[in-house]
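Student: Sequence and predicted model, in that order:
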Amino acid sequence: MFARSKYLVLLLLAFVTACSSTPKQGASPWSGYTERGEASYYAMKYQFRKTASGERFNQLGNTAAHKQLPFGSRVKVTNVSNGESVTVRINDRGPFIEGRIIDLSRSAFAEIADTRLGVIDVEIEVLN
């Protein structure tokens, strides 16, 4: 009886494993995720400091901080008031101010809005 039960369990495991699917290489479960809220940009005092991913922050790079998205995610950030967009790579955690969903490098923010604004309404979409 024990041998038969063991055989059935192994058969069931083989069946479940064969039926499971794996995501395509490079595909992210976050792909297509969208969110709307406020974006701000990093102050100059953070230049060259280590980010949560371990790399040094650079105001001239198109990078950003998000609370949850995996490091390396590419995200399209669109300014809802003018339709301008920029693609950034997530390499840090934050922002930690209520209502803000993403912190951009200064150069990324400047591509979609005047930096004198400081905070803008955006929609983000994860590309991969």
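Tutor: All right, it came through fine. Numbers count the residues shown, from 1 in each chain.
Student: Buried ones in stretch 106-121, by neighbour count?
Tutor: Using 16 or more other Cβ atoms under 10 Å as the test for burial, stretch 106-121 gives R106, S107, A108, F109, E111, I112, A113, I120. Bear in mind the C-beta positions are built from the backbone N, C-alpha and C, glycine included.
Student: can you tell me the average pLDDT over it?
Tutor: For stretch 106-121, mean pLDDT rounds to 97.
Student: Adjust the sequence numbering to begin at 4 for everything that follows.
Tutor: I'll keep to 4 as the first residue from here, and by that count the last item is stretch 109-124.
Student: got the end-to-end distance for that stretch?
Tutor: From its first residue to its last, stretch 109-124 covers 16 Å (Cα to Cα, to the nearest Å).
Student: again, but for stretch 43-59
Tutor: For stretch 43-59, the first-to-last residue distance is 19 Å (Cα to Cα).
Student: ditto for stretch 69-86
Tutor: OK, stretch 69-86 end separation, Cα to Cα: 21 Å.
Student: and if you look at stretch 85-99?
Tutor: End-to-end distance for stretch 85-99, by Cα to Cα: 25 Å.
Student: next one: stretch 54-72
Tutor: First-to-last residue span, stretch 54-72, Cα to Cα: 14 Å.
Student: Would you check how far apart H69 and Q62 are?
Tutor: Between H69 and Q62 the computed distance is 18 Å (Cβ to Cβ, to the nearest Å).
Student: who has more neighbours, those two?
Tutor: Ranked by neighbour count (other Cβ atoms under 10 Å), H69 and Q62 place H69 first, with 22 against 19.
Student: And the contacts of stretch 68-86?
Tutor: Outside stretch 68-86, the residues that touch it by Cβ atoms under 8 Å, 6 or more residues apart in numbering are 31, 33, 36, 39, 42, 45, 54-56, 67, 87-98, 104-107, 111, 115-116, 123-131.
Student: just for the chain, where's the confidence low?
Tutor: Along the chain, segments meeting pLDDT under 70 span 4-30.
Student: in it, which spans are helices?
Tutor: With helices called from DSSP state H, the chain shows them at 5-22, 109-115.
Student: so who does Y36 touch?
Tutor: Each residue near Y36 by Cβ under 8 Å, 6+ apart is listed here: L72, E128, V129.
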